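Q: I'd like to go over a predicted model; first the sequence, then the structure.
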Number of protein chains: 2
Amino acid sequence: MEYFDVKPLYFDYNATTPVLARVFEAMRPFLTERFGNPGSGHMWGLRAAQAVARARAQVASLLGASPDEIYFTSCATESNNQVLFGLFQGEGHLVTTAVEHPAVLEPAGVLEKRGVKVTRVPVDAQGLVSPDDVLAALTDETRLISVMLANNETGAIQPVAEIAARARERGVLVHTDAAQAVGKIGVDVAELGVDLLSVAGHKLYAPKGVGALYVRRGVRVPPLLHGGGQERGLRSGTENVPHLVGLGEACALAAEALSHEAERRQGLGRVFLEGLRGLGFSFRLHSAEAPRLPNTMSVGFEGLSAGDVLSGLVGWDVGASAGAACHGDVTAVSHVLEAMNVPTKFAAGTIRFSWGRLTSEDDVRELLHRLGQVLTSLRP
Amino acid sequence: MEYFDVKPLYFDYNATTPVLARVFEAMRPFLTERFGNPGSGHMWGLRAAQAVARARAQVASLLGASPDEIYFTSCATESNNQVLFGLFQGEGHLVTTAVEHPAVLEPAGVLEKRGVKVTRVPVDAQGLVSPDDVLAALTDETRLISVMLANNETGAIQPVAEIAARARERGVLVHTDAAQAVGKIGVDVAELGVDLLSVAGHKLYAPKGVGALYVRRGVRVPPLLHGGGQERGLRSGTENVPHLVGLGEACALAAEALSHEAERRQGLGRVFLEGLRGLGFSFRLHSAEAPRLPNTMSVGFEGLSAGDVLSGLVGWDVGASAGAACHGDVTAVSHVLEAMNVPTKFAAGTIRFSWGRLTSEDDVRELLHRLGQVLTSLRP
């Protein structure tokens, strides 16, 4: 009965991460006795407000920002929507890329229908945009460039710092969706030079349902949600205190572990890639030549269907993802691989493996073993 | 050293409630081992998706709705913003009231600046709108009536069912912000006859940072947040699974306890009111003649300043609220009391007391004792 005894292997950290035990313990008081509303002027409220202030400082510290530049949101999708719908009504020009997350591409599409001009800069075969192409797209009407920091599917890291430096000379605001980057690689708003940056809690060991938006001091973004005026008016709605505390703690833990963990995860990637080569199946590592996240490998198995591989893995209690797991069981070739012009024979069999804090080298070796079984069973 | 020994007394349940232990226990697995993204097609994802489906059914059940009519949001503020910004761009006519929560009034103000016509129906001295007045405000351009179910400050319950019945004949959609009502009184979407209804988690013993929106089958509201297409496209963003589970459990617990708790809380209110009368200070109970929530009393102490009373109570470790605690330490007379034309000598000294599931009769008697001390110390 080996089937029922196998240890579940989670290789889908880019879809969502577990909440670290220390993060959960930091949150717990705010789900039990410390339940106050930070807007209340009494003991319960003040304790909650203090906790929110501490969390804000923790997030700011990880990003090299000031606490007053950090605004909490309910998720990175909201952060991205906040930026795009805040800065555009029905006019102006937005420059973005063809490989953004739907949380940027979909709002961009809505804005386009409302009269905003949108340029989606293409990427090369490695999934990278060229700063020259981004800069060449600017017009007198351009208000914002939105380029993701790390791609959720391939892990490719875009040249955001160079884009931001050159955009600054042109007086254009730059936003980066850093949902997949924060906590995995060093993300410093000063080094990046961006004006706006989106953070997702559940990609860095905080719970789902919390995000943040960095807004450089002096940059004004009108609010998306209106009401009680929380978050200094940018984001109304009673603060999700436990989750904010969790995000703060997760950022503190990420800061502690960052360089060691990045190296360790890169090492796991080397083990995985070598092992893959040893399995004897034809595959292609997407964005292989690009700078990439240390925890992500998007692998196209030649001539196979991603759905079949994934089903096989599910049968072996392996969690991975075909396309971007954030948005359902889409089996069509992802817009990212399409933008990279990946040949269909590799694109259609693409699986994203992503690992993290709780992944050991043994897990990787066990993954390789099970993957070998699955691929063998699918051999034509 | 009695001062340091007093038991904290929380009488600010309308600002936020504690998370019930059973709610926390229901959430806990989803903050620990069951951490999957509901959008993932593997074991982790499926377990999370099942939990979300169960929570949706629990919310639906409390409201007498179908699960497919329930959409999760990050808070009631978002639910309200979703409705108003979803249904209006820059034209049409919105009918609302003068006593809504800022999460309705502020979006309405923004819409007005964008070209939407907005009518704010006044209330009588009891804080109630007249259905006749609401209906008289309708024009051919009216798309939506938004009338809160229970007022957060006074607890006054508006005649939403009558308004909805008459609006239906006119073919106008009706939304109610039921943030303060759900879990305190029976709220049934069929009995109310509304098309849209907002729910706040943290007013009914679920955590802060989760809400829901009921959308009657057949009613179409365009999304506010765009991205991965979660919540059947209405609300993108990875689901806050632990909080959704918490809201579901809180709704199940509310359904179990509703009639008993409503009666018990009303009894506590009688004890409080009798005790207040016995203290020998002149006061006025706002909305005294209106149907009211069983847990809320907004009391104007003649000739006193609410800030002074509240500070005195804080010194006695009593949590209460002047104005609506959801949005900061506003000491000005609230827009609700202003709309009710409450004489300043009572309005300026108004404190909202609200109690709930964990409040005992002893707590109320102790509150009366401490309040007596505070009022005596402030006697001119």
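A: Okay, I see it.
Q: just the strands in the stretch 101-250 of chain A please.
A: A:117-121, A:142-146, A:173-177, A:196-200, A:211-215 (DSSP state E, counting those that start in this stretch).
Q: mind showing which ranges of the stretch 151-300 of chain A have poor pLDDT?
A: Along the stretch 151-300 of chain A, the model assigns pLDDT under 70 to no residue.
Q: List, one by one, the residues from it near chain B.
A: Residues of the stretch 151-300 of chain A lying close to chain B by Cβ under 8 Å from any Cβ of the partner chain are A:200, A:202, A:207-210, A:224-230, A:236-243. No exception for glycine: its C-beta is placed from N, CA and C like everyone else's.
Q: Let me have the strands of the stretch 101-250 of chain A in TSV, extended by distance to A:Ala254 and mean neighbour count.
A: Below are the strands of the stretch 101-250 of chain A laid out as TSV (distance: least, Cβ to Cβ, whole Å; neighbours: other Cβ atoms under 10 Å in any protein chain shown):
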stretch	distance to A:Ala254	mean neighbour count
strand A:117-121	30	19
strand A:142-146	23	22
strand A:173-177	17	27
strand A:196-200	11	30
strand A:211-215	13	28
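Q: To A:Asp133, which of those strands lies closest?
A: Nearest to A:Asp133, of all those, is strand A:117-121, at 5.0 Å by Cβ to Cβ.
Q: And the next helix or strand past the longest helix along chain A?
A: Longest helix in chain A by number of residues (criterion: DSSP state H): helix A:241-279. Next along the chain after helix A:241-279, taking DSSP states H and E as the criterion, comes strand A:283-285.
Q: Kindly point out the strands partnered with that next one and how each is oriented relative to it.
A: Strand A:283-285 has the following sheet partners, assigned by DSSP bridges: strand A:296-301 (antiparallel).
Q: got the angle for the partner strand vs helix A:241-279?
A: 40 degrees (axes from the mean of the first three to the mean of the last three Cα atoms, to 10 degrees).
Q: buried ones in the helix or strand just after strand A:296-301?
A: Note on strand A:296-301: by DSSP H and E, the next helix or strand toward the C-terminus is helix A:306-315. By neighbour count with 16 or more other Cβ atoms under 10 Å in any protein chain shown, helix A:306-315 contains the buried residues A:Ala306, A:Asp308, A:Val309, A:Leu310, A:Gly312, A:Leu313, A:Val314.
Q: ok, now stretch A:91-111?
A: Buried residues in stretch A:91-111, counted by 16+ other Cβ under 10 Å: A:92-108, A:110-111.
Q: Contacts only, for the closest residue to A:Arg168 other than its chain neighbours.
A: Nearest residue to A:Arg168, sequence neighbours excluded (Cβ to Cβ, 6 or more residues apart in numbering or on different chains): A:Gly193, at 6.4 Å. A:Gly193 makes contacts with A:Ala161, A:Ala164, A:Ala165, A:Arg168, A:Val174, as judged by Cβ atoms under 8 Å, 6 or more residues apart in numbering or on different chains.
Q: roughly how far apart are A:Gly193 and B:Ala164?
A: A:Gly193 sits 53 Å away from B:Ala164, taking Cβ to Cβ, to the nearest Å as the criterion.
Q: With A:Leu9 instead?
A: A:Leu9 sits 52 Å away from B:Ala164, going by Cβ to Cβ.
Q: Pick out the most distant pair among the buried residues of helix A:306-315.
A: Maximum distance among the buried residues of helix A:306-315 (Cβ to Cβ): 12.2 Å, for A:Ala306 and A:Val314.
Q: Which stretches in chain A count as helices?
A: Ranges of helices in chain A, per DSSP H, are A:2-5, A:21-31, A:43-63, A:76-87, A:102-113, A:131-136, A:160-170, A:189-192, A:241-279, A:306-315, A:335-339, A:344-347, A:361-378.
Q: between those, which gets nearest to B:Phe30?
A: The closest of the helices of chain A to B:Phe30 is helix A:21-31. By Cβ to Cβ, the value is 10.7 Å.
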